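Undergrad: Any chance you could fold what I've pasted below:
(3 chains)
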Amino acid sequence: MVTTFQSAQLALDLVGVFVFALSGGLVAVKKRFDLFGVLVLACAAALGGGIVRDILIGAVPPVGISDWRLLAAAALGGLVTFVYHPEVGRITRFVRVLDAAGLGAFAVSGSVKAITTPGVSPIAAVIVGLTTAVGGGVIRDLLADQVPEVLRRELYAVPAAIGAVIVVVAAQLGALQDWVMWTAAALVFIIRLVAVHLDLNAPRPLRPSRPLS
Amino acid sequence: MVTTFQSAQLALDLVGVFVFALSGGLVAVKKRFDLFGVLVLACAAALGGGIVRDILIGAVPPVGISDWRLLAAAALGGLVTFVYHPEVGRITRFVRVLDAAGLGAFAVSGSVKAITTPGVSPIAAVIVGLTTAVGGGVIRDLLADQVPEVLRRELYAVPAAIGAVIVVVAAQLGALQDWVMWTAAALVFIIRLVAVHLDLNAPRPLRPSRPLS
Amino acid sequence: MVTTFQSAQLALDLVGVFVFALSGGLVAVKKRFDLFGVLVLACAAALGGGIVRDILIGAVPPVGISDWRLLAAAALGGLVTFVYHPEVGRITRFVRVLDAAGLGAFAVSGSVKAITTPGVSPIAAVIVGLTTAVGGGVIRDLLADQVPEVLRRELYAVPAAIGAVIVVVAAQLGALQDWVMWTAAALVFIIRLVAVHLDLNAPRPLRPSRPLS
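TA: Have a look, this model is predicted:
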């Protein structure tokens, strides 16, 4: 069982890492960073969420700096962006699909790791899952000196939160099986794609903004 | 004794969390973030300082992600701002008073938690208390892509540092009692309000800035 | 042996802290922060890399908040900048030399501390060393609301990575002696200076950037 968990979790992690490395690399290319900057931003976007997760649950050193497979996937994503960026950029639509896949993968792998760590409460596991999913993107945007997309864009964190809640509820019911994890990840993926497609957004403050201070 | 500590610390924490959630929400409203962005920024401002505190002293998972009361207070502050933001904004003066209260509450609760954690030296406890008090605001401003106010504004961190020093000295003397904690928080509150009222600032570099590099 | 390690590591740390405090203070002066802002930015630049290092390897509370010698060196660097900033700014060239020294000192001290911590793998130790060396500068630039220099500048992280690799390989071979540490730090220093002198840069994305999304 533990083995199954670990292999499913690793697979989800690798998917998320590679995809978010592409997103980080693209932002770096747009900002005209050099090769090292592209690699750093790719790795920060790909590994940042998992590193924050591991710090929050006390699993140090984080796997994001000690597991060569994750590091290699992140660096590969950065290199691919550096070399093929016009192609990668042209297929923005495809990148968005991948990004939604990464969101689902990280929301599930993050909350699974948290809820199976002794001493982590269910509510903390949900928040850790959400943080894993959106954390890399936030770090990417902070380093690139732009307001994090998650604060401005169509429903991005809500699907991730749904996925984390499913995982934690399943774990509480003793029903956290492999297929539950993959289904939860798929659900996040689909909800996110629907939100992008319909251009759904969370509500904004209703009244026109006036000078507030 | 421990119980008293814990209840006073929780009360101080709840005050600080709610008030800083209002400040984070207001910044998000000004930046025209959507509902989720307002909630995230409110939670980041409200819980960020305590999360950094707990990471620094090794108390993971941080209470800021595992105690539902703190999470609820933060979310409530964000929702209040989202719904009533013109009113909240109009009463900027009142928000400043609340903000000063939050500063005092966090400086004291942060340094109390640090100095009562085994292995944390007095100097570290002071810095942890200061970080707890100003950390949430720094994270709020980083996410909102603006220079942290604490680096630019009238005396903000100095009162917090005074409160943390009082707590740590009292703890070293074995005199850390409930009334000491509340008095220290009140003192931070009053010094901060006086600084705002008199528009006191720390000194700036004296000579006019010339192009330096 | 351990004593030697610790004293060499402390010496390297003190050099790095003081020098990076100067760099943080200078950025703050340019941004016209007040005295407290200068001190905060100096301390963040000087101590941030080491604090992140200690969080990543689980050595909490971090020495950067508990060792008064490091705190004093950071504050001293900030004060020196605040008082003498025109002189410090005029000698930008000298500051760059110092900065290169700090880079070497931190890359070595960070990877030594990581590789001698139980449970930290060699690859993690290299990344921790690199993070120690560049982390303070990244935090400095985030707080000052500018894109981190390490993402934009001439070869900055590469020499640090080389130094960290040397330390970790030496440790794996059981040959991590004092002179190895100082030689590695000197090598980083020299490579960095040569890169500045020759204006060497890592390659940039080749094709002209087009609107990518």
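
Undergrad: so residue A:140 sits right up against residue A:48, yeah?
TA: Yes. With contacts counted by C-beta atoms under 8 Å, residue A:140 reaches residue A:48, the gap being 7.1 Å. For the C-beta atoms, the positions are set from N, CA and C on the backbone; glycine is no exception.

Undergrad: With adjacent residues omitted, what lies nearest to residue A:111?
TA: Excluding the flanking residues, the one nearest residue A:111 by C-beta to C-beta, 6 or more residues apart in numbering or on different chains is residue A:129, at 2.8 Å.

Undergrad: Contact partners for that neighbour?
TA: A:106-108, A:110-112, A:114, A:160-161, A:163-164, A:167-168 (C-beta atoms under 8 Å, 6 or more residues apart in numbering or on different chains).

Undergrad: and stretch A:18-27, does that touch chain B?
TA: No. Stretch A:18-27 stays clear of chain B (C-beta under 8 Å from any C-beta of the partner chain), getting no nearer than 14.3 Å.

Undergrad: Show residues contacting that stretch.
TA: A:38-39, A:41-46, A:49, A:73-78, A:80-82, A:85, A:88-89, A:95, A:98-99, A:101-102, A:105-106, A:136-137, A:140-141, A:144, A:146, C:212.

Undergrad: Go again with 6 Å.
TA: Residues outside stretch A:18-27 that contact it (C-beta atoms under 6 Å, 6 or more residues apart in numbering or on different chains) are A:38, A:41-42, A:45-46, A:73-74, A:77-78, A:81, A:98-99, A:101-102, A:136, A:140, A:144.

Undergrad: Around residue A:123, how many other residues sit close by?
TA: 15 (other C-beta atoms under 10 Å in any protein chain shown).

Undergrad: pLDDT score for it?
TA: Looking at residue A:123, its pLDDT is 94.

Undergrad: Then residue A:194?
TA: pLDDT, residue A:194: 90.

Undergrad: Please apply the same query to residue A:37.
TA: pLDDT, residue A:37: 86.

Undergrad: Tell me the spacing between residue A:134 and residue B:156.
TA: Distance from residue A:134 to residue B:156, counting by C-beta to C-beta, to the nearest Å: 29 Å.

Undergrad: the longest helix in chain A is where?
TA: helix A:2-30 (DSSP state H).

Undergrad: about what we covered before: element containing the residue nearest to residue A:111?
TA: helix A:122-143 (DSSP states H and E).

Undergrad: Residue A:33: what's it in contact with?
TA: Residue A:33 touches residue C:151, counting by C-beta under 6 Å, 6+ apart.

Undergrad: Distance of residue A:101 relative to residue A:17?
TA: Distance from residue A:101 to residue A:17, by C-beta to C-beta: 12 Å.

Undergrad: Same drill for those two, tell me which one is more crowded.
TA: residue A:17 (32 against 21).

Undergrad: The more buried one reaches residue A:69, doesn't it?
TA: No. Using C-beta atoms under 6 Å as the test, residue A:17 is too far from residue A:69 to be in contact (8.8 Å).

Undergrad: Chain neighbours aside, what residue packs nearest to residue A:166?
TA: residue A:184 (4.4 Å).

Undergrad: what's the helix or strand where that neighbour lies packed up against?
TA: Under the criterion of DSSP H and E, residue A:184 resides in helix A:178-198. Applying 3 or more C-beta pairs under 6 Å, 6 or more residues apart in numbering or on different chains; DSSP states H and E, one finds that helix A:178-198 makes contact with helix A:2-30, helix A:92-115, helix A:157-172.

Undergrad: dump the residue contacts of residue A:74.
TA: A:17, A:21, A:42-43, A:46-47.

Undergrad: how does it look with 8 Å?
TA: Neighbours of residue A:74 in contact, by C-beta under 8 Å, 6+ apart: A:17-18, A:21, A:42-43, A:46-47.

Undergrad: among these, which ones are buried?
TA: A:17-18, A:21, A:42-43, A:46-47 (16 or more other C-beta atoms under 10 Å in any protein chain shown).

Undergrad: Same list, these, but as JSON lines with distance to residue B:64 and pLDDT please.
TA: Listed next are the buried ones among the contacts of residue A:74 as JSON lines, based on distance: C-beta to C-beta, whole Å; pLDDT from 0 to 100:
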{"residue": "A:17", "distance to residue B:64": "26", "pLDDT": "95"}
{"residue": "A:18", "distance to residue B:64": "31", "pLDDT": "93"}
{"residue": "A:21", "distance to residue B:64": "29", "pLDDT": "94"}
{"residue": "A:42", "distance to residue B:64": "29", "pLDDT": "94"}
{"residue": "A:43", "distance to residue B:64": "27", "pLDDT": "94"}
{"residue": "A:46", "distance to residue B:64": "25", "pLDDT": "96"}
{"residue": "A:47", "distance to residue B:64": "23", "pLDDT": "96"}
